[in-house]
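Chemist: Sequence isn't available, so here's the structure alone:
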């Protein structure tokens with residue numbers, strides 16, 4: 001009997017030890033419920049001492065005596081919520097007076113006070129102070145300020161929403177009108193094309209009688225026509241090739257910034273390409289596609305490109321021939337050779353090329369037909385230009401209307417708005433839905449930090465992060481990119497800029513568009529387990 005009593009005593013002691021490890025005194029008002037250590041009261045029903053425990057991932061059924069026994073039995077760590085036995089387990093801090101929290105199980109009884117209510121260090125020798133009430137007061141003050149900011153910002157957000165909806169309605173109306181105008185413009189273009197064709201036919205017939213005077217050079221004219229066709233084919237290829245050269249970030253568009261990096265476009269030769277100069281070459285647009293580049297920008301760019309390549313030269317560069325210096329001397333000087341004093345006779349062909357062609361005098365009737373054909377061609381070109389401009393504006397509006405402007409179209413009115421931030425070295429500019437740039441305070445051109453791409457915020461907070469990529473490629477590195485993190489504020493403001501990784505930038509932007517108290521309340525209701 002003595003041995004039997006001893007066995008019962010040892011079993012009772014083991015059971016008491018298990019209870020101490022498993023339970024913590026209950027704090028639920030008006031109840032004597034013992035709280036299972038490491039979980040919230042709401043989950044007590046999953047941990048019932050009167051039956052076996054099933055791992056929360058459903059993988060295993062174990063005796064309840066193995067819960068919080070400091071040995072990990074469940075793959076998901078759910079059998080050890082109150083000990084550090086499971087590497088993947090979590091421990092619940094009730095933190096009465098402050099916010100409840102979950103901590104990794106590995107922090108339990110590690111000698112560091114992580115829960116403000118000291119519950120995580122129940123078996124360690126460290127002396128923790130329960131400061132939940134103090135931390136709770138501070139947190140509530142901070143929360144009150146956040147809520148006040150959200151309320152004030154929300155008033156501005158409502159205005160942004162109303163303005164955005166108005167702008168979008170205007171865009172839709174404008175697009176509908178442009179499409180109607182485009183249909184009409186196509187009809188006008190066809191009409192002008194027919195009139196041009198008719199006028200050119202009459203012009204051609206009238207010029208027939210002047211052909212005998214030009215019979216000496218029929219082959220030359222035919223060759224010129226062929227050359228013009230070849231030049232036209234070369235010109236198309238030349239435009240595309242030069243577009244690719246200017247499009248340094250391969251984004252499919254040429255931007256002001258990309259033009260500002262090339263001395264070719266320094267019209268006034270002051271050592272820098274200003275924004276006004278770049279706008280001139282791009283037809284008063286901040287960026288252009290290949291089609292827009294071909295239709296609108298190339299005519300302005302080509303003369304300056306030819307000048308750079310030496311095809312056009314100033315009078316002095318071409319060598320003004322004076323009475324004391326023969327032309328071949330000038331040619332030798334250009335090539336870096338010293339003339340030997342012998343003059344080379346200028347070939348007759350050169351004299352012929354230099355002599356101006358005699359102007360043909362047409363009779364009054366023929367000249368009138370020529371003038372009419374010329375006028376018809378001009379009217380047709382104007383009709384073509386109008387079509388191209390309408391196409392460009394239609395594409396821009398379609399792009400805007402298809403863009404994601406956030407909840408209730410709140411970001412519509414901010415599209416294209418630019419904001420700057422200055423630090424010790426640089427001036428940063430963020431143009432929403434366009435691009436981010438950086439330029440030195442000491443001068444020089446801007447560096448493209450990325451073009452607008454998409455929203456990349458986490459689930460439930462999508463509109464808190466914007467991604468800008470395809471920026472200027474770093475030397476021996478990737479293309480620059482920028483992540484813009486947005487937060488609630490009473491003004492639209494670029495708050496900070498950093499470069500956490502090489503060629504990867506992080507911008508902080510505050511805006512009333514993110515001040516939505518209802519959304520904030522929803523986000524706070526979150527179970528972290």
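Modeler: Arrived safely. Because the structure is predicted, anything quoted here is derived from the model rather than measured. Numbers count the residues shown, from 1 in each chain.

Chemist: Helices of the chain, residue ranges please.
Modeler: 2-22, 132-207, 218-246, 256-260, 275-281, 290-292, 298-309, 315-318, 327-334, 348-354, 364-401, 517-524 (DSSP state H).

Chemist: Flag the shaky bits of the protein, pLDDT-wise.
Modeler: By pLDDT under 70, the low-scoring segments of the chain are 1-34, 149, 212-235, 270-271, 307-359, 519-529.

Chemist: Give me the residue at the spatial middle of it.
Modeler: In the chain, the centroid-proximal residue (Cα atoms, centre = their mean) is residue 452; its distance is 1.6 Å.

Chemist: Which residue is the nearest non-sequential neighbour of that one?
Modeler: Using Cβ to Cβ, 6 or more residues apart in numbering and skipping residues adjacent in sequence, the residue nearest residue 452 is residue 433, 4.9 Å away. Placement of C-beta: from N, CA and C, glycine included.

Chemist: Tell me, how many residues neighbour that neighbour?
Modeler: 19 (other Cβ atoms under 10 Å).

Chemist: cool, residue 173 as well?
Modeler: Counted with other Cβ under 10 Å, residue 173 comes out at 10.

Chemist: From residue 401, how far out is it?
Modeler: Distance of residue 173 to residue 401, given as Cβ to Cβ, to the nearest Å: 11 Å.

Chemist: circling back: does the residue nearest to the centre of the chain have beta-bridge partners, and which?
Modeler: Under DSSP bridges, the beta-bridge partners of residue 452 are residue 468.

Chemist: ok, it - contacts?
Modeler: 432-435, 466, 468 (Cβ atoms under 8 Å, 6 or more residues apart in numbering).

Chemist: again, only using 6 Å
Modeler: 433-434, 468 (Cβ atoms under 6 Å, 6 or more residues apart in numbering).

Chemist: Quick check: the residue nearest to residue 452 vs residue 372, distance?
Modeler: Taking Cβ to Cβ, one finds residue 433 at 48 Å from residue 372.

Chemist: Show me which positions of stretch 57-69 end up buried.
Modeler: Buried residues in stretch 57-69, counted by 16 or more other Cβ atoms under 10 Å: 64, 66-69.

Chemist: Distance to residue 236 added to those residues, as TSV?
Modeler: As requested, the buried residues of stretch 57-69 are exported to TSV (distance: Cβ to Cβ, whole Å):
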residue	distance to residue 236
64	81
66	79
67	78
68	78
69	80
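
Chemist: Residue 268: which of those is nearest?
Modeler: Nearest to residue 268 among the buried residues of stretch 57-69 is residue 68, at 80.1 Å by Cβ to Cβ.

Chemist: ok, which stretches of the stretch 1-150 of the chain are strands?
Modeler: 23-24, 35-36, 53-54, 61-62, 90-93, 101-104 (DSSP state E, counting those that start in this stretch).

Chemist: list the helices and strands the second one packs on?
Modeler: Under the contact criterion of 3 or more Cβ pairs under 6 Å, 6 or more residues apart in numbering; DSSP states H and E, the helices and strands touching strand 35-36 comprise an empty set.

Chemist: ok, it: who's next to it in the sheet?
Modeler: strand 23-24 (antiparallel).

Chemist: Equivalent analysis for the fifth one, please.
Modeler: For strand 90-93, the paired strands and their directions (DSSP bridges) are strand 101-104 (antiparallel).

Chemist: mind listing what's buried in stretch 121-131?
Modeler: Buried-residue list, stretch 121-131, by 16+ other Cβ under 10 Å: 121-122, 128, 130-131.

Chemist: Out of the residues you listed, which two sit at the greatest distance?
Modeler: 122 and 131, at 16.8 Å, using Cβ to Cβ across the buried residues of stretch 121-131.

Chemist: how about the closest residue to residue 436 other than its chain neighbours, what does it touch?
Modeler: Closest residue to residue 436 apart from its sequence neighbours, by Cβ to Cβ, 6+ apart: residue 449 at 4.1 Å. The contact partners of residue 449, by Cβ under 6 Å, 6+ apart, come to 436-438, 471, 480, 482, 505.

Chemist: if we go to 10 Å?
Modeler: By Cβ atoms under 10 Å, 6 or more residues apart in numbering, residue 449 lies in contact with 257, 428-430, 435-438, 468-469, 471-472, 479-482, 497, 499, 503-505, 507.

Chemist: Which of those residues are buried, as a ChimeraX select command?
Modeler: The following ChimeraX line selects those of these that are buried, judged by 16+ other Cβ under 10 Å:
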select :257,428,429,430,435,436,437,438,468,469,471,472,479,480,481,482,497,503,504,505,507
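
Chemist: Adding distance to residue 397, write the strands of the stretch 1-150 of the chain out as CSV.
Modeler: CSV is the format used below for the strands of the stretch 1-150 of the chain (distance: least, Cβ to Cβ, whole Å):
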stretch, distance to residue 397
strand 23-24, 64
strand 35-36, 62
strand 53-54, 59
strand 61-62, 63
strand 90-93, 51
strand 101-104, 49
